[in-house]
Every structure is written in C-alpha cells, then in structure tokens.
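[1] Curious how this folds, go ahead:
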Amino acid sequence: MKVRTRLLAGSLAVAAVLSLAIGWAIARVGNDDDGDTGDSARPTFDVPSIETNAVVRGKPLPSVNVQLLDGSSIDVASLAGQPLVINVWGSTCGPCKQELPDFAAAHLTYGDQVRFVGIDYLAPSAREEAFARDRGVQYELLYDGNGEFITAVGIAAFPVTLVVDADGFVVRQTGQLDEATLAQYIESDLL
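    Next up is the predicted model:
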C-alpha cells in the first residue's frame, strides 16, 4: 500500500506542476510584457456587414464585365442611359432571398420608368435563373461569377442595391430593402 500511496502522491505533484506551467504559459500568451499599457493593436476580425462595403455613392458605374446566362458578357458601365436599380444578390444569401419578391413587385410598378437589373454574385446557371424567376423576378439577370463587379465596387456583404442616375452615377447604396423603402428611394432619387 505504501508504494501506491507514493505513486499517487508523485502523480498528483507532477499534475499540479504541469497545471501551473500550462496556466502560466496561457497567461503569458494573452499578456503583453513589452511595456505596453494594454492599448496594443491586435489583429481583429469584423464580421462582414453592409458597413464593411466600400462607399460608392457619387461614383460612376465601373467599366467591368458581367455575364448573361448564355455566357456572353456585357460592360456594367453600358447599363447607364436611364435611371437604374442594380440589386446584387445570390441564392445562397438569406436576406437576398427575402427581398427578391419586393424587387419583383417594385419592378411591376416602376419598370417602365426605371431599368431593374439583378447581378448575381454566382456563376451563370439555369438554377440561379429559376431561383429568381420563382420569386417573381422578370427583370434582367446578370452574373458576376468571376467577381469583377463585386471587387470594383468593394462589396463584402450582401445584398447590396445601387440606385444609379441616368448618367451612370451611384446616388444611393443600401443593404436589404423592402418594397416600400425601395419605392421611396426610386421616387426621391430617380423620378
């Protein structure tokens, strides 16, 4: 019995020393002992939100190519010439799914005065096209599968809507919208 008691006591002593050493090491990693007062710049990660998108209000539409369903391309800057609502969306984006029917309804009301364009951040596919059409979307759908447009306008979080005047300048950029708010922006910014 004496041998087992010594073995148990020794094991407990080793465990206690290891616990203290590990605790000290963990405390050192989280502690700046370089004389810093605690205001050190540590890398942080911000969850992308609409506020992390670049501000493009007042800027012209970029001259970058997006694709049509058939794979051909079109320059986004060529869309200028009439008031324009560009909704950047994708079927994998929850808020995008929610607002598509609102955009479809606004298009029915304002489509003869304002050009509506959806730019999907995914590659052209019949699946994406059907996804939007099943939610009532009847306006133009373009695809930015290579990310040229998204990069050019600095989009980090979706959905994004750009309200663009007839000269091709962005007059408003937003996150998720409902039909009433979209109608308000169209009335105040484009008509």
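
[2] Which helix or strand lies directly C-terminal to the host helix or strand of residue 170?
    Assessed by DSSP states H and E, residue 170 sits inside strand 170-174. Helices and strands here follow DSSP H and E; after strand 170-174, the next one along the chain is helix 179-189.

[3] got the angle between that following helix and strand 170-174?
    160 degrees (axes from the mean of the first three to the mean of the last three CA atoms, to 10 degrees).

[4] so who does the residue nearest to residue 154 when sequence neighbours are not counted touch?
    In this structure, residue 154 finds its nearest non-sequential neighbour in residue 54, 2.4 Å apart by CB to CB, 6 or more residues apart in numbering. (Glycine included, C-beta is placed from N, CA and C.) Counting by CB atoms under 8 Å, 6 or more residues apart in numbering, residue 54 touches 153, 154, 155.

[5] quick one: residue 54 from residue 152, how far?
    9 Å (CB to CB, to the nearest Å).

[6] And residue 68, by the same measure?
    From residue 68 to residue 152 the distance is 18 Å (CB to CB).

[7] more neighbours, these two?
    The residue with more neighbours, out of residue 68 and residue 152, is residue 152; 17 against 13, by other CB atoms under 10 Å.

[8] ok, that one touching residue 62?
    Yes: contact criterion CB atoms under 8 Å: residue 152 and residue 62 qualify, at 3.7 Å.

[9] Buried residues, stretch 136-152. List them.
    137, 139, 141, 142, 143, 144, 148, 149, 150, 152 (16 or more other CB atoms under 10 Å).

[10] Apologies, that question was intended for stretch 87-99.
    87, 88, 89, 90, 91, 93, 96, 97, 99.

[11] What pLDDT is listed against residue 90?
    With respect to pLDDT, residue 90 scores 95.

[12] can you tell me the helix or strand for the residue positioned nearest the centre of the chain?
    Geometric centre of the chain, nearest residue: residue 157, 1.3 Å, by CA atoms, centre = their mean. For residue 157, there is no host helix or strand (DSSP H and E).

[13] Quick check: what element follows the helix or strand bottoming out on mean pLDDT in the chain along the chain?
    When the helices and strands of the chain are compared on mean pLDDT, DSSP states H and E, helix 2-29 comes out lowest with a mean of 59. Per DSSP H and E, the first helix or strand lying C-terminal to helix 2-29 is strand 65-67.

[14] outside of that next one, which residues touch it?
    Contacts of strand 65-67 (CB under 8 Å, 6+ apart): 73-76, 119, 123-124, 142-145, 148-149.
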